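> Can you look at this prediction? I've put the sequence above it.
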Amino acid sequence: MRVVIDTNLLFDSVAPKGDKHWVLDSFFDGKFKWIFSNEIISEYTEVLSESFGEKTMIFTISALVSSFNHERFEPSYKYQMIIDDKDDNKFVDCAVGANVDFLVSDDKHIKNLLKIKNLFPPVPIITPKQFKAILDLMK
């Protein structure tokens, strides 16, 4: 299973009091392939460094990019589907371009795409709760 994960979910999986440690645990157990672009990894780096400090950021990013089950993908087309927060487009562009199984996000701007009938290209968006349910079935 190939997925793009938004920054908020990564943040919640790293946070000491976060309730989503299962994301990183599942990734390191090899349950899914984490797909990201250079633009996404740059945002991850910035947010983790600002929130948790340089050591945690370096550890987390190093673990992601050195894992056997990650993949870098650079979108060749910018769909610009999200107007309210254009910065979120990097996740949609990567998900669509890499033809992932899921874009996992609770971001309201990304989830607003689910309200568009016959969205083209389709974006396979699921929430972290739905993602956890899928991973739990894989046990």
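Cool, got the structure.

> Contacts only, for the residue nearest to residue 125 when sequence neighbours are not counted.
Of all residues not flanking residue 125 in the chain, residue 103 sits nearest, at 5.0 Å (CB to CB, 6 or more residues apart in numbering). All C-beta spots, glycine's among them, are computed from the backbone N, C-alpha and C. Contact analysis of residue 103 by CB atoms under 8 Å, 6 or more residues apart in numbering lists 3-4, 6, 91-92, 95, 110, 123-126.

> do the same with residue 31
Applying CB under 8 Å, 6+ apart to residue 31 gives the contacts 1, 135, 138.

> Let me know the closest of those to residue 20.
Checking the contacts of residue 31 against residue 20 with CB to CB, the nearest one is residue 135 at 11.4 Å.

> residues contacting the spatially closest residue to residue 64 that is not a sequence neighbour?
Distances taken as CB to CB, 6+ apart put residue 70 closest to residue 64, at 5.8 Å, once the chain neighbours are dropped. Residue 70 makes contact with 33-36, 64, according to CB under 8 Å, 6+ apart.

> Please report how far residue 57 lies from residue 90.
Note on residue 57: its distance to residue 90, by CB to CB, to the nearest Å, is 18 Å.

> Settle it for me: which of the two has more neighbours?
For the pair residue 57 and residue 90, the greater number of neighbours falls to residue 90 (22 against 19), based on other CB atoms under 10 Å.

> Next up, phi/psi of that one, please.
phi -60, psi -30 (degrees, to the nearest 10).

> Next up, the contacts around it.
Contacts for residue 90 were tallied using CB under 8 Å, 6+ apart; they are 37, 39-40, 43, 75.

> measure it to residue 75 for me?
To residue 75, residue 90 is 8 Å away according to CB to CB.

> sorry, back to before: need the phi and psi values for the residue nearest to residue 125.
phi -110, psi 110.

> Please apply the same query to residue 120.
According to degrees, to the nearest 10, residue 120 has phi -130, psi 130.

> go on, residue 33?
Torsion angles, degrees, to the nearest 10, at residue 33: phi -100, psi 130.

> Which secondary structure state is assigned to residue 48?
At residue 48, secondary structure determined by DSSP: H, G, I helix; E, B strand; the rest coil is helix.
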